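>>> okay, sequence plus prediction incoming.
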Amino acid sequence: MPIRLSLRCLFVMACLAAAAPVLAADANLLTPFTESGPDAPPPWHVIGLPGQTKPYTRFSVVELDGRKALRVEAEESYGNLAHPLRSAAPSATLSWQWRVDVPAAAADLRTKQGDDTAVKVCVFFDMPLDQVPFVERQLHKIAQSKSTEPLPTATVCYVWDTNLPVGTALDNAFTRRMRYIVLESGPARLRQWKSERRDVIADFTKLFGDESAKVPPIIGVAVGADADNTRTRTLSYVANIVLQP
C-alpha cells in the first residue's frame, strides 16, 4: 500500500488538532449553523489534503425547508468541514439531520477508485498510539513527523451511501484508521430529510473494539463529501448537528 495513500486520512485528521479550543466536558456542544452565508461559524473550518491542488468541496449555510442547513457540494473535489474539540467526555451522543439530493452514483467504498461519499459525518478519537497495530503505527509516526500537531488515531464515519446495505461496517479503502458505518443507502430517500442519533461510544467499540477496550477522548467532528476518485458531482445537506455528553 503506497504510504501517500495510507496517510491521506491521517493528514486530514491532523488538521482537526490545529487551533482547537478547550471545551469543558459539560459544554461539549458543537457550534450551530445559525446564520446563512458562504461560511460556517467558527470554529468550523474547511480542511483538505496537504498541498491539495484539486478543488475543495464547497460548504455554505443556507435556509432550506424552514431550517438552517449546511449545503455540501462536491464536484470532482475533496474536503471536510471540521469542528475541533480539545477534549470530550468519553461518552457521547451525536444527532443530526441530513438529506442527499445528488448521490455519489459511481461510488464503491470497498475500493480506492470508488472511495467517494455524497455526505459523511465523522467523529475523531485520540486512541493511544501503542494500541495501534504495528504497521499502521509506523505509518502514523511518518505522518506525525510531517505535522506539528498531534495526529488523531481513530475515526468513525457515518455515511449515506449509494449501493451498500444499511448497517454495513467497513474500513476506509485507504487506511484502517478510518472506519465507516452505512446509515442510509440507495435512492428511496433522496431529497428527503432523515434524522439520525448515534451512541458514538457504542459505535467506536463496535468498529475499534479489537484494538482498544477503553474508549478514548473525542477530539473532533467533521462533515464531508468527496467526488475526486469517481470524478462526479454530489449535493447534500446537514442540519442540527449536536454532540452531547
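Structure received.

>>> Three-state assignment for the spatially most central residue of the chain, please.
Taking CA atoms, centre = their mean, the centroid of the chain lies closest to C122, which sits 2.9 Å from it. Using DSSP: H, G, I helix; E, B strand; the rest coil, the secondary structure recorded for C122 is strand.

>>> the longest strand seen in the chain - contacts with which helices or strands?
What stands out as the longest strand in the chain, according to DSSP state E, is strand 233-244. Counting contacts by 3 or more CB pairs under 8 Å, 6 or more residues apart in numbering; DSSP states H and E, strand 233-244 packs against strand 58-64, strand 67-75, strand 93-102, strand 117-125, strand 218-226. C-beta: built from backbone N, CA, C; applies to glycine.

>>> now for the residue in the chain sticking out farthest from the centre: which residues touch it?
The centre of the chain is farthest from one residue, G66, which by CA atoms, centre = their mean lies 25.5 Å away. By CB atoms under 8 Å, 6 or more residues apart in numbering, the contact list for G66 is empty.

>>> how much space between it and A239?
With the distance defined as CB to CB, to the nearest Å, G66 ends up 10 Å from A239.

>>> do the same with K68
7 Å.

>>> what residues are shared contacts of the two?
By CB under 8 Å, 6+ apart, the residues touching both K68 and A239 are F33.

>>> neighbour-wise, which of the two wins?
Neighbours were counted for K68 and for A239 using other CB atoms under 10 Å; A239 has more, 20 against 15.

>>> now that one: closest residue in space, sequence neighbours ignored.
A69 (4.0 Å; CB to CB, 6 or more residues apart in numbering).

>>> that neighbour and V238 touch, don't they?
Yes: with contacts counted by CB atoms under 8 Å, A69 reaches V238, the gap being 6.5 Å.

>>> need the residues touching each of the two.
With CB under 8 Å, 6+ apart as the test, A69 and V238 both reach Q97.

>>> my guess is L70 meets A225, correct?
No: L70 lies out of contact with A225 (CB under 8 Å); the separation is 10.3 Å.

>>> among the helices and strands packed on strand 233-244, which comes closest to G167?
Closest approach to G167 among the helices and strands packed on strand 233-244 is made by strand 117-125 (15.9 Å; CB to CB).

>>> just want the angle from that closest one to strand 233-244.
On the basis of axes from the mean of the first three to the mean of the last three CA atoms, to 10 degrees, strand 117-125 is oriented at 30 degrees to strand 233-244.

>>> so how far is the helix or strand where E136 lies from its chain's centroid?
When elements are assigned from DSSP states H and E, E136 belongs to helix 134-145. Distance, stretch centre to chain centre, for helix 134-145: 21 Å (CA atoms, centre = their mean, to the nearest Å).

>>> tell me what that helix is packed against?
Contacting helix 134-145 under the criterion 3+ CB pairs under 8 Å, 6+ apart are the following elements: helix 3-6, helix 8-17.
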